[in-house]
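Visitor: got a predicted structure plus its sequence, pasted below:
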Amino acid sequence: MATLSRQSTFGGGIRSLVPARIDRLSWSRFHTMMVVALGVAWILDGLEVSIASNVSPYLTDPAALNMGAGSVAFSVGTIYLLGEVFGALFFGNLSDRWGRRNLFMVTLGVYLIGGGLSALT
């Protein structure tokens, strides 16, 4: 029995049996760990957005970067969001090729190194 089948209706989407199979599983330690990991990631993402928004007034200071308010809003808002979107698309594609566990370790390493370099600045 195949888990994926090509749908021949308008739109040509992919129909999957994977969500139904996951729903039939009983709750285990794995599920608890996944919920905790996703919660931590959600909190860290919110923390990053809070830090970026709290730093923006200092970037307009002439003693710092002397950026205009529009430049700061563009940098902190638009560029940050575009980076998240394109990063998710890029790493999502790589995870389909290399495997989710391998790419999770790669993205965790990139995040840790990036966070450490940001802390050193």
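Guide: Nice, I can see it.
Visitor: okay, buried residues for the lengthiest helix in the chain please.
Guide: The single longest helix within the chain, with elements called by DSSP state H, is helix 29-59. Within helix 29-59, the residues scored as buried using 16 or more other CB atoms under 10 Å are S56, L59. The way it works is simple: take the backbone N, C-alpha and C, and place the C-beta from them, glycine included.
Visitor: can you give me the helices for this structure?
Guide: Going by DSSP H, the chain shows helices at 18-24, 29-59, 69-73, 80-98, 100-120.
Visitor: including mean pLDDT, could those go into JSON lines?
Guide: Output for the helices of the chain, formatted as JSON lines (pLDDT from 0 to 100):
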{"stretch": "helix 18-24", "mean pLDDT": "82"}
{"stretch": "helix 29-59", "mean pLDDT": "83"}
{"stretch": "helix 69-73", "mean pLDDT": "82"}
{"stretch": "helix 80-98", "mean pLDDT": "86"}
{"stretch": "helix 100-120", "mean pLDDT": "82"}
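Visitor: and the longest helix of the chain, what other elements does it pack with?
Guide: helix 69-73 (3 or more CB pairs under 8 Å, 6 or more residues apart in numbering; DSSP states H and E).
Visitor: change it to 6 Å
Guide: The contact analysis (3 or more CB pairs under 6 Å, 6 or more residues apart in numbering; DSSP states H and E) places helix 29-59 against no helix or strand.
Visitor: mind listing what Y58 touches?
Guide: A64 (CB atoms under 6 Å, 6 or more residues apart in numbering).
Visitor: ugh, typo on my part, it should be G83
Guide: The contact partners of G83, by CB under 6 Å, 6+ apart, come to none.
Visitor: so how far is the longest helix of the chain off the chain centroid?
Guide: The chain centre lies 10 Å from the centre of helix 29-59; the measure is CA atoms, centre = their mean, to the nearest Å.
Visitor: and the angle for it with helix 80-98?
Guide: Here the directions of helix 29-59 and helix 80-98 differ by 150 degrees (axes from the mean of the first three to the mean of the last three CA atoms, to 10 degrees).
Visitor: tell me what angle helix 29-59 forms with helix 100-120.
Guide: Angle of helix 29-59 versus helix 100-120, following the same axes, to 10 degrees, is 30 degrees.
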